[in-house]
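K.L.:
This is a predicted model, with the sequence first.
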Amino acid sequence: MYIHLGGEKNIRSSELVAIFDISIEKSSKISKKFVSHALQEKMIVNIGEEEAKSIVVTKDTVFYSPISSATLKKRVNIFYANA
């Protein structure tokens with residue numbers, strides 16, 4: 001099953017590690033370090049040109065999505081409810 005992250009980007013649900021609200025980037029020292037490391041390793045992908053509302057972490061990539069974390073979590077829950 002795939003999860004639509006915005007724009008033309010879909011990921012396999014099996015690749016999903018975490019979904020965070022964008023506010024976590026500024027509110028936690030650990031998340032700041034994580035994002036800084038991901039930037040250094042060139043693991044971050046911005047989806048579209050809209051302002052990011054959520055951070056989606058997969059096994060290999062960190063996506064900045066224009067879709068809210070609540071909406072993305074609902075999409076994931078629908079997948080698992082139907083599995």
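P.N.:
Yes, it's here.
K.L.:
Pull the contacting residues for the residue nearest to residue 76 when sequence neighbours are not counted.
P.N.:
Taking Cβ to Cβ, 6 or more residues apart in numbering as the measure, residue 76 lies nearest to residue 3, with 6.2 Å between them; neighbours along the chain are not counted. All C-beta atoms are positioned from the backbone trio N, CA, C, and that covers glycine. Residues near residue 3 by Cβ atoms under 8 Å, 6 or more residues apart in numbering: 10, 11, 12, 13, 16, 72, 75, 76, 79.
K.L.:
List the beta-bridge partners for residue 3.
P.N.:
Partner residues in beta bridges with residue 3, using DSSP bridges, are residue 11.
K.L.:
Tell me, how many residues neighbour the closest residue to residue 13 other than its chain neighbours?
P.N.:
For residue 13, the nearest residue in space outside its immediate sequence neighbours is residue 1; the separation is 4.6 Å by Cβ to Cβ, 6+ apart. Residue 1 is flanked by 13 other residues according to other Cβ atoms under 10 Å.
K.L.:
Good, we can wrap up now.
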